[in-house]
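>>> Got a sequence here, can you model it:
(4 chains)
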Number of protein chains: 4
Amino acid sequence: MAVIGAGIMGADHARLLASEVPGVKLEVICDADETRARAVADLHGANHVSTDPLSVIADKAIDAVLIAAPDRFHAELTLAAIAAGKPVLCEKPLSPEKKECLAILAAEEKAGKRLVQVGFMRRFDPSYVEVKSILNAGTLGRAMMFHCIHRNVSAPSNFEGHMAISSSAPHEFDIARWMLDADFTSVTVYRPGGVKAVPGAALFMVLETAAGQLVNIEVNNNAAYGYDVRGEVVGEKGTASLRSPINAETNAALQNLTSYAADWRPRFEEAYRRQNIAWVQSISSGKPAGANAWDGYWATLTAEAGIQALSSKQTVAISAVPKPKFYAA
Amino acid sequence: MAVIGAGIMGADHARLLASEVPGVKLEVICDADETRARAVADLHGANHVSTDPLSVIADKAIDAVLIAAPDRFHAELTLAAIAAGKPVLCEKPLSPEKKECLAILAAEEKAGKRLVQVGFMRRFDPSYVEVKSILNAGTLGRAMMFHCIHRNVSAPSNFEGHMAISSSAPHEFDIARWMLDADFTSVTVYRPGGVKAVPGAALFMVLETAAGQLVNIEVNNNAAYGYDVRGEVVGEKGTASLRSPINAETNAALQNLTSYAADWRPRFEEAYRRQNIAWVQSISSGKPAGANAWDGYWATLTAEAGIQALSSKQTVAISAVPKPKFYAA
Amino acid sequence: MAVIGAGIMGADHARLLASEVPGVKLEVICDADETRARAVADLHGANHVSTDPLSVIADKAIDAVLIAAPDRFHAELTLAAIAAGKPVLCEKPLSPEKKECLAILAAEEKAGKRLVQVGFMRRFDPSYVEVKSILNAGTLGRAMMFHCIHRNVSAPSNFEGHMAISSSAPHEFDIARWMLDADFTSVTVYRPGGVKAVPGAALFMVLETAAGQLVNIEVNNNAAYGYDVRGEVVGEKGTASLRSPINAETNAALQNLTSYAADWRPRFEEAYRRQNIAWVQSISSGKPAGANAWDGYWATLTAEAGIQALSSKQTVAISAVPKPKFYAA
Amino acid sequence: MAVIGAGIMGADHARLLASEVPGVKLEVICDADETRARAVADLHGANHVSTDPLSVIADKAIDAVLIAAPDRFHAELTLAAIAAGKPVLCEKPLSPEKKECLAILAAEEKAGKRLVQVGFMRRFDPSYVEVKSILNAGTLGRAMMFHCIHRNVSAPSNFEGHMAISSSAPHEFDIARWMLDADFTSVTVYRPGGVKAVPGAALFMVLETAAGQLVNIEVNNNAAYGYDVRGEVVGEKGTASLRSPINAETNAALQNLTSYAADWRPRFEEAYRRQNIAWVQSISSGKPAGANAWDGYWATLTAEAGIQALSSKQTVAISAVPKPKFYAA
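Residues are numbered from 1 along each chain as shown, chains lettered A, B, ... in the order given. Predicted coordinates for the structure are as follows:
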């Protein structure tokens, strides 16, 4: 197996594949920065390093590829993997460009085999899974709204432009589609005034689904206080909410307190682990798991509409191409 | 003191004034239904009953008036109290009609004395008070958003038309203005589809303030599961949330559970008590307390814009008359 | 009405009677320190001050007496009130001496009228009341254990000797008897070693009831972190626990936090208010409320056994005099 | 690797080793009941089954042994593994008999190599680990008490005699020794009366450590409402408590509720996984992890004293043999 990209995400995937996922032989770490690739390879026992992702993908010794390169390379690398007939787990977004996503859909359909999984790991998070099972059990009646909150301590230094919508919000878009089993029809974006409109400044989005449900999302990449993701499904008969993992509480100095993590890794450690295990098992079993390329397309489609809604201060309609039968069921 | 209106709210105010508020002599209970007035008077030791509110207000034996009659009579009765020079605590809304609110503002200013308190009791609720004190202490930095949730078990049988906006939401409008010390400039209203649009069906509102803050409100009068009011102020450095009062938790049958009340009374019992104590003290001290007629006007103004926004499916601007100096600080 | 004792407890009772309890005319504040009495009287609008409690009790203008003097005077003053035929609310303990409690029982029975209420205010706390109602409803099955925790920030400066057992623990003894409807038969006391055995150092007590239930109590007057009282009833089918009142939570600086009060007043504000309202109503109605002199005797009896158990490092049996019929039902 | 015992624990260990722990080849499942062994082997891809544990241990194809056979065979099998020079992870208890534990200590010391890990998996539970790190950081000051609660839904059908003390409580004994870095000096056991003294009926234990700390344990194998394990360390400056993992909460039917599991597996899934990963890594690294044979001896020693304390209704002193240097640091 090869990991392409040795940044934060790639390094973490290498660690998971090496130490937490049975049945994986970590063969190559590939990064434009060979030193960085070497460091990750040494840490997690990978045999080789490379600076050339396309040759890695083509390498016969490699059975499957995990792509954690910068977003703008995702499509090219995924297409290469499809061309090589190799299963690929591509970090989100599938591509920041809708048309690149469509190219991947076409390529995969042409290949005639489902090879692409997109790294929307929340679908494996025990909290989201349990809320969905409560909803599916009928306890809440029909879902009417889904309130979502996505807060980071601060936007990473590489944040620019509309990455709050193109990079952070897609997690929310995908999990809401999955939770509600429904596609979006429109999006409106509000920006709180009076604070600097830096990349990562807070936004509030209202989306409607084809079934009329509302998905209300706060995306706040500079929330300062901690990494915090929340969600509540509001149904006709009740509601269900995520609970974040908390291990301990402390009483001291007139306070009861619990801790937030500084980033997403502790919060979604188990989701990533289960996602990667599911991916590896799907390679053996031939049964796809998790988010597919169609889901990846939808997340990007929604993000593009969101960016347009922010700029225009208007509600923007969301309209997808017809769903290929290839992705049915 | 007289209580006008012996329905649920009036009966509860009579109970509070008789049993929980020192320094009050409950003299008259007035209701169009004399039997109902009698029942409340007997229960709480009021000396007299009446079916004629205007003569009650004019009665020299009455020093102050609490109005809990149906909404459409609020303005007329409040104006009568002002004319009689008597302090009045008027249940919300001050009036369902903006122009009636303006008439009250004019009358009170002409009387030259602050006589009107509006029953936005949440301003006295320990949870809202504590969140505001946290915000004012600077812990959160500047407020950017206020997420509000208002859920009833089911809409009362007299619910009709747009009462979710005209009758329930004003509590949220007022407390958000108070919390953020800011007036609204616009409102947008979303209605989840796919469920019957009965009176009290769920709505989601996005308001903007003059300082650019967002106030996001779910008003859900048929939430089914319990009476539940929540709020979270999102600041640049952190957030603060209401906690509802919970007295006990039970472990049984593979569950940990706490209870919701079926209506607002247990949740806001302490807020009503403190409000009424503050009102009685304000009569002695001559220093007004709580929400004034200007605040009452703003709540109705906002509700009218909200109803228009729901009908038009457009964002509606909110614009008030200039604030009279009479109501400045 | 007269309040005897103008220390922390007396001042708080004066405030409650003056501002939160309808139907009370606060007539006299009595304290050995006239300046202190004067300050409390001025603050809460009492008409007179006195330094002579016995003449206050005898004063015909006084209908009822609230005793918040130092513990060692409780019995003498309560006996005087009984002799004067006046209702008395005596702060706990009824007396630190078992034999003085017995003298009060004898005097009250001789007077032929229930005049004494003991200030075990927890019986009016909404949390304890709700846990008891859950237990009584049968949800938990038969109660087997009651885990209790009593923590203060630090022992008050006047703490000495065994006041953790004679002054703090009686609240736990009384509420456990009330919760379980059972009397104690034995007590064992453990003291954690390795920390200075100052007055107020932590203790752990195990009591058994006549029905074989265990009551396990941590009394920790130097808990440092906050005022914190907890309780969990363990039944055959489930458990029920107290929840302390919390108004708000804050997210800031990688933490979620709620606050503890520095002393008991915020935690039991509502319990004191309800207790005092119930006392005033019991004077009108002639129906006693709350803990009676027999309950006061039991708390002191248990504390004496506890002190003996601590000294002897042995389990000490607890044996009461036969319960007078006067106190039945 | 071989798993000996294919009951609930053995099956779960086989699943973990096959699916969640990298680097393991699951070779043999051994059970007296060959059908049961076969079912587990088939489910988790083990190559062979056996009904003869001693030959499995001796088998050269086996590098390490996980013992999950009935308690009474633990010592014999562990001694066999030591004799074969193979690393062994033995489910708790190391043996129900103190003298068998001493035999294992002697054998391991004689072998001159640390080969035995005891399955006290809580040492790897994220909650216990975090509480210990809070304590070690000095936030709480010196630990004075540790309150522990251990509740099962109902005692398993094979529960008999004093298994509440010999089988359940050892988890608490071990984790308390680990948490406080202290050995016990005495134990007292209380049994709530009025309920049938069936195996698994609730007990309450008070232990003292050499440093004078108190460890108070409720062991309640018939708690009915759910599997629930709690712990709170009480220090001079504050306290820290475990939080059990909760993934979601539901609002419905006037209740807010979260779920309990019916047994220990969901609660300690992560602890078992980490324990087994640590064990496998310790085999590679040669650095022992987790609880060793000396810790296993201590748990059994404490249980024996506890059983004696229950029978005698006396406090029983606990005294270990001198700690062999072999087990130092």
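>>> where do the helices sit along chain A?
Counting by DSSP state H, chain A has helices at residues A:8-19, A:34-44, A:53-58, A:74-83, A:98-111, A:126-136, A:163, A:169-180, A:264-285, A:293-312.
>>> Could you tell me which residues of the stretch 151-300 of chain A lie near chain D?
With the criterion set to C-beta under 8 Å from any C-beta of the partner chain, the stretch 151-300 of chain A comes near chain D through A:237-243, A:245-253, A:258, A:270, A:277. For the C-beta atoms, the positions are set from N, CA and C on the backbone; glycine is no exception.
>>> Could you tell me which residues of the stretch 101-250 of chain A lie near chain B?
By C-beta under 8 Å from any C-beta, the part of the stretch 101-250 of chain A that sits against chain B consists of A:141-142, A:144-145, A:147, A:188, A:190, A:192-195, A:202, A:204, A:206, A:208, A:211-214, A:216, A:218, A:220, A:222-225, A:234, A:236-239.
>>> please redo it, this time with the cut-off set to 6 Å
Neighbours of chain B within the stretch 101-250 of chain A, by C-beta under 6 Å from any C-beta of the partner chain: A:144-145, A:190, A:192-195, A:202, A:204, A:206, A:211-214, A:224-225, A:237-238.
>>> Just the buried residues of these.
Neighbour-count burial (16 or more other C-beta atoms under 10 Å in any protein chain shown) is assigned, among those, to A:144-145, A:190, A:192, A:195, A:202, A:204, A:206, A:211, A:213-214, A:224-225, A:237-238.
>>> that older thread, out of the residues of the stretch 151-300 of chain A next to chain D, who's near chain C?
Of the residues in those, proximity to chain C by C-beta under 6 Å from any C-beta holds for A:Asn251, A:Ala252, A:Thr258.
>>> what's the burial count for the residue lying closest to A:Tyr272 once chain neighbours are set aside?
Ranked by C-beta to C-beta, 6 or more residues apart in numbering or on different chains and with sequence neighbours excluded, the top spatial neighbour of A:Tyr272 is A:Met121, at 5.0 Å. Each residue near A:Met121 was counted by other C-beta atoms under 10 Å in any protein chain shown, and the total is 27.
>>> close enough to count as contact, A:Met121 and A:Gln275?
Yes - applying C-beta atoms under 6 Å as the test, A:Met121 and A:Gln275 come out as touching, 4.3 Å apart.
>>> check contacts around the residue nearest to A:Val234 when sequence neighbours are not counted.
If you skip the residues right next to it in sequence, A:Val234 has A:Met145 as its closest partner in space, 4.2 Å away by C-beta to C-beta, 6+ apart. Contacts for A:Met145 were tallied using C-beta atoms under 6 Å, 6 or more residues apart in numbering or on different chains; they are A:Leu214, A:Val234, B:Pro192.
>>> Could you list which residues are in contact with A:Val56?
In this structure, A:Val56 makes contact with A:Ala2, A:Val28, A:Cys30, A:Ser50, judged by C-beta under 6 Å, 6+ apart.
>>> go again using 7 Å as the cut-off
With contact set as C-beta atoms under 7 Å, 6 or more residues apart in numbering or on different chains, A:Val56 has these partners: A:Ala2, A:Ile4, A:Val28, A:Cys30, A:Ser50, A:Ile62.
>>> next one: A:Gly231
Contact partners of A:Gly231, counting by C-beta under 7 Å, 6+ apart, are A:Val131, A:Phe146, A:His147, A:Cys148, A:Ser241, A:Leu242.
>>> Just the residues contacting stretch A:155-163, thanks.
Outside of stretch A:155-163, the residues within contact range by C-beta under 7 Å, 6+ apart are A:Pro199, A:Gly200, A:Asn221, A:Asn222, A:Ile307, A:Leu310.
>>> Now with 6 Å, please.
Residues outside stretch A:155-163 that contact it (C-beta under 6 Å, 6+ apart) are A:Pro199, A:Gly200, A:Asn221, A:Asn222, A:Ile307.
>>> tell me which residues in it are buried?
Within stretch A:155-163, the residues that count as buried by 16+ other C-beta under 10 Å are A:Ala155, A:Phe159, A:His162, A:Met163.
>>> Out of these, which is nearest to chain C?
Within the buried residues of stretch A:155-163, distances to chain C taken as C-beta to the nearest C-beta reach their minimum at A:Ala155, with 16.7 Å.
>>> neighbours of the residue lying closest to the closest one once chain neighbours are set aside, just the number please.
Beyond its immediate neighbours in the sequence, the residue positioned closest to A:Ala155 (C-beta to C-beta, 6+ apart) is A:Gly200, lying 2.7 Å away. Applying the criterion other C-beta under 10 Å, we find 21 residues in the vicinity of A:Gly200.
>>> now A:Leu115
Here the neighbour count serves as a burial measure; for A:Leu115 (other C-beta under 10 Å) it reads 24.
>>> Kindly provide the distance from it to chain D.
24 Å (C-beta to the nearest C-beta, to the nearest Å).
>>> Would you map out the domains in chain A?
Residue ranges of the domains in chain A are recorded as A:2-121+A:273-292, A:123-267+A:296-327, according to automatic domain parsing.
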